[in-house]
Every structure is written in C-alpha cells, then in structure tokens.
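> Could you look at this predicted model? Sequence included:
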Amino acid sequence: MDEMDKPDLIIVGAGLAGLTLAYRLKQQGISALVLEGRDRPGGRMETITKGETTLELGATWFADKHQSLNKLMDELGLEKMEQEYGKYAIYEQVDEAPVLYQMPPQPEATYRIKGGSQQLIDALAAKLDSKQILLNETVTTLNFEGAQAKVTTSIGTYEADTVINTLPPNLLVSKIDITPTLPEELVQVSRQTHTWMGESIKAGFFSAEQFWLKKGIGTLYSQLGPFTEMYDHSGEGGFAMKGFLNDRLNSLDDQQREALASKQLSKFFEQYTSETQFVQKAWKDDAFTYATYTTDVFPHQNNGHTLLRKPLFDNRFYMAGSETAISFPGYMDGAVEAAERVAQQLSLASKQIHQS
C-alpha cells in the first residue's frame with residue numbers, strides 16, 4: 001500500500017471546504033485523503049461551459065466583505081470580475097405588464113470569479129497530489145470504535161486517525177451510518193440545519209449575442225416567474241444570463257421548467273428562442289447535496305450553530321462544511337473559513353501530540 005492508502009486523516013467531500021482543508025493541511029505536512037461521491041470535485045460549485053463561455057449553476061457571487069475567500073483567491077492568483085447589473089432592470093408584477101426601471105447604485109460591489117467558479121476548484125486541486133482526491137466514492141459508514149477511524153464507501157474501506165465531514169449536516173445524518181451514534185442533540189440540530197442552496201433551481205442561457213445589454217438591460221425581477229431574478233452572466237469568452245427559478249418548480253421535470261422559462265424569456269426578449277441554449281440545475285435533485293428534512297426548515301436555519309463545530313469521539317471527528325462557519329455560514333466564504341478553522345485545530349492537536 002502506498003502512502004496515500006494510509007493518510008493521517010480523511011476528508012468527506014471534495015467541495016470548496018474539503019479541498020481548502022486538504023490544501024491547508026498539505027502546507028502543514030499533514031496528509032489527507034479526500035473522498036467524493038460525485039464524478040467531479042467542486043460540490044455546490046458547478047461551472048458549465050459552451051465554447052469559451054462559462055455559466056454557474058452553483059455558487060457564484062461574493063463581495064469584499066468575504067475576506068476568507070478573497071484572501072484564498074489572492075493566494076492562488078485568481079482574479080475577480082464585478083457583476084454587471086446594467087442600466088435598466090425588467091420588473092414584472094402580478095397583473096401588470098413588465099416595466100423597465102433604472103437600476104439604483106448598488107450598496108456594495110458584487111463579484112464573480114474570473115473564468116468561472118471552477119477556476120478556484122481547479123487551482124486547489126492542482127495544489128494536491130493526484131492520489132489525494134478519489135471520485136465516485138460515496139461514503140456510507142463512519143466507524144470510530146477502533147484504534148483507527150474506518151470510512152466505508154461504495155467502493156472500499158479506508159482508515160485514518162481522524163475524519164472531517166464537509167457535507168451538509170442534514171445530508172450527513174440522513175445518509176451516513178455513524179458508530180458510535182452521534183449525540184442526539186447534534187442529530188436534531190443537523191436535521192434542522194438548512195442546506196445552503198438545497199432548494200435552489202439555478203438556470204440560464206448561453207447566447208451568441210448580448211441582446212439584453214444592448215438595450216441596457218442587465219437584470220430581471222419577476223413576481224410571476226418562473227424566473228424570479230436573473231442577471232447578466234457574460235464574460236470575456238462569451239455571453240450568457242443566469243438566475244433563479246421559483247422554488248415551487250422543484251415539483252416539475254427539466255422539460256416542463258424549460259418550457260415555462262422559455263415562454264417567459266421570449267416575452268421579454270424577441271431574440272431569445274432562436275439565439276439561445278437553456279441550461280438548469282435543481283439542487284434538490286442532487287443526492288450528494290440534498291436530503292429531505294424531517295421538519296420544516298427556513299433559510300439558513302441553524303447555519304453556524306455551535307454544536308456543528310464541536311469535535312467528537314476524542315477529537316477524531318470534525319465538521320467543516322460551510323454550514324458550520326461562524327461568519328457567512330452557507331456561502332463560499334463560510335466554506336473557506338470553516339476549512340481553515342479546522343486546519344488550525346488539527347495543526348494545534350498535532351503539535352500537542354508531538355510535544356507530549
């Protein structure tokens with residue numbers, strides 16, 4: 001067995017938190033094996049491309065206040081681009097015709113990662129050894145009863161001193177069997193912790209022509225839907241718009257949602273039907289993101305709860321997903337902060353062991 005078959009620790013999930021944590025630990029000389037159920041790294045960051053045009057179906061926007069994310073991007077040499085809102089927005093109210101209104105100044109600048117959010121994922125993955133990230137490995141059980149923690153996946157079993165979970169708390173307690181059982185209070189909090197973006201339906205279209213901004217339109221708001229909000233999503237490589245479909249459309253299939261969205265967009269833009277390619281992602285359908293709640297949960301409920309940051313099983317199990325962060329839980333910045341918090345905890349624990 002090579003060195004990565006016996007890592008110091010195992011990270012469950014190769015999203016932004018998992019990859020940031022593995023990167024920080026490698027800087028400390030701590031080996032980590034990252035297990036990911038998807039066939040790609042990135043978690044809830046998902047960039048799709050058409051030619052050189054990128055469009056985000058996952059995490060997208062951030063601001064100057066998101067210092068953990070900005071510092072990591074600077075360190076990795078990544079650039080940001082300011083969101084274009086346009087001179088005008090289309091606003092559609094119930095029982096009224098759509099109207100154009102002039103966009104007011106934004107209270108703060110909003111950014112996207114230049115070249116797509118995937119740039120950050122790729123940059124982190126490039127800092128790791130090729131064998132550190134294993135894809136298509138759905139974790140099914142965690143066992144902390146022996147001298148080594150055991151992690152069983154759909155493919156095999158792995159052992160390490162420590163395990164760090166970066167999955168959404170509700171997904172963790174719903175889909176993974178853990179021995180010994182987690183404290184009941186933590187289980188209940190996890191089941192009632194909102195999964196960031198879990199109910200979101202992100203959608204948009206690629207276009208050969210930026211026909212919306214040619215009219216000064218960079219933003220769309222609607223009380224009718226199916227798009228409730230939409231923004232210019234163009235970049236240096238090409239043109240696109242992207243936004244959110246009404247959460248109630250989770251009950252429909254992709255074809256039904258596309259038909260409704262296309263009808264709405266054709267009403268606003270005469271060029272839409274012949275010039276565009278529609279894409280969408282309902283995160284509620286992503287088994288590696290969303291698990292059904294046992295009770296009603298409101299947005300960001302229990303995100304940042306102190307119980308989600310408490311190490312368990314003699315400091316052999318940590319949680320480091322975005323929902324556990326102290327600042328901006330549920331956002332990209334929260335994922336980076338949570339990862340760096342746990343990296344610091346593990347570094348301190350490692351030093352204490354070596355000094356004893």
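Structure's in. What do you need?

> Helices of the stretch 251-356 of the chain, residue ranges please.
Secondary structure of the stretch 251-356 of the chain by DSSP state H, counting those that start in this stretch: the helices cover 254-268, 272-275, 332-355.

> H66 is nearest to which of the ones you listed?
Closest approach to H66 among the helices of the stretch 251-356 of the chain (C-beta to C-beta): helix 332-355, 3.5 Å. In short, each C-beta sits where N, CA and C put it, glycine included.

> Check which helices and strands the closest one sits against.
Packing partners of helix 332-355 (3 or more C-beta pairs under 8 Å, 6 or more residues apart in numbering; DSSP states H and E): helix 16-27, helix 67-76, strand 162-165, strand 317-319.

> Show me how far it is from its chain's centre.
Mean-position distance between helix 332-355 and its chain equals 21 Å (C-alpha atoms, centre = their mean, to the nearest Å).

> Could you list the domains of this protein?
Domain ranges of the chain: 1-46+117-198+286-356, 82-111+200-285, per automatic domain parsing.

> Minimum distance to K71: which of these has it?
Set against K71 and scored by C-beta to C-beta, the domains of the chain come closest in domain 1-46+117-198+286-356, at 8.2 Å.

> Looking at the closest one now, give me its mean pLDDT.
The average pLDDT for domain 1-46+117-198+286-356 rounds to 94.

> Return the residues in contact with the closest residue in space to V297 that isn't next to it in sequence.
Leaving aside its sequence neighbours, V297 sits nearest to H194 (C-beta to C-beta, 6 or more residues apart in numbering; 5.0 Å). By C-beta atoms under 8 Å, 6 or more residues apart in numbering, the contact list for H194 reads 297-303, 323, 330.

> try it again with 7 Å
If a contact means C-beta atoms under 7 Å, 6 or more residues apart in numbering, then H194 has 297-303 as its contacts.

> With G334 instead?
Residues near G334 by C-beta under 7 Å, 6+ apart: 322, 325, 327-328.

> Check the gap between the spatially closest residue to it that is not a sequence neighbour and K281 for me.
Spatially, and ignoring its direct neighbours in sequence, G334 is nearest to A325 (3.4 Å; C-beta to C-beta, 6+ apart). Applying C-beta to C-beta, to the nearest Å, the value for A325 to K281 is 23 Å.

> just A59 next, same as before
For A59, the distance to K281 - C-beta to C-beta - is 12 Å.

> now Y23
Distance from Y23 to K281, by C-beta to C-beta: 26 Å.

> Show me the one of the helices and strands packed on helix 332-355 that comes nearest G225.
The closest of the helices and strands packed on helix 332-355 to G225 is helix 16-27. By C-beta to C-beta, the value is 29.2 Å.

> got the angle for that closest one vs helix 67-76?
On the basis of axes from the mean of the first three to the mean of the last three C-alpha atoms, to 10 degrees, helix 16-27 is oriented at 50 degrees to helix 67-76.

> Just the buried ones from the contacts of G334?
By neighbour count, with 16 or more other C-beta atoms under 10 Å, those hold 322, 325, 328 as buried.

> Including distance to T289, could those residues go into TSV?
Shown next, in TSV, are these (distance: C-beta to C-beta, whole Å):
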residue	distance to T289
S322	12
A325	17
F328	19
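
> tell me which of those is nearest to E92?
Distance ranking of these against E92, using C-beta to C-beta, places F328 first at 30.6 Å.

> what's the distance between the residue lying closest to the closest one once chain neighbours are set aside and Q256?
Spatially, and ignoring its direct neighbours in sequence, F328 is nearest to G334 (4.5 Å; C-beta to C-beta, 6+ apart). Distance, G334 to Q256, using C-beta to C-beta: 33 Å.

> Using CSV, write out every CA atom in stretch 222-239.
In CSV, the C-alpha atoms belonging to stretch 222-239 read as follows (Å, rounded to 0.1, in the frame of the first residue of the first chain):
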residue,chain,number,x,y,z
SER,A,222,-40.4,38.9,-11.5
GLN,A,223,-43.2,38.2,-9.1
LEU,A,224,-44.7,35.8,-11.6
GLY,A,225,-41.8,33.6,-12.6
PRO,A,226,-40.7,31.1,-13.4
PHE,A,227,-37.5,33.2,-13.2
THR,A,228,-37.8,35.3,-10.1
GLU,A,229,-34.5,37.0,-10.7
MET,A,230,-31.9,37.0,-13.4
TYR,A,231,-28.6,38.7,-14.2
ASP,A,232,-26.1,39.2,-17.0
HIS,A,233,-23.6,36.4,-16.8
SER,A,234,-21.3,37.3,-19.6
GLY,A,235,-17.5,37.1,-19.5
GLU,A,236,-14.5,37.5,-21.7
GLY,A,237,-15.3,34.3,-23.5
GLY,A,238,-18.9,35.0,-24.5
PHE,A,239,-22.4,35.9,-23.4
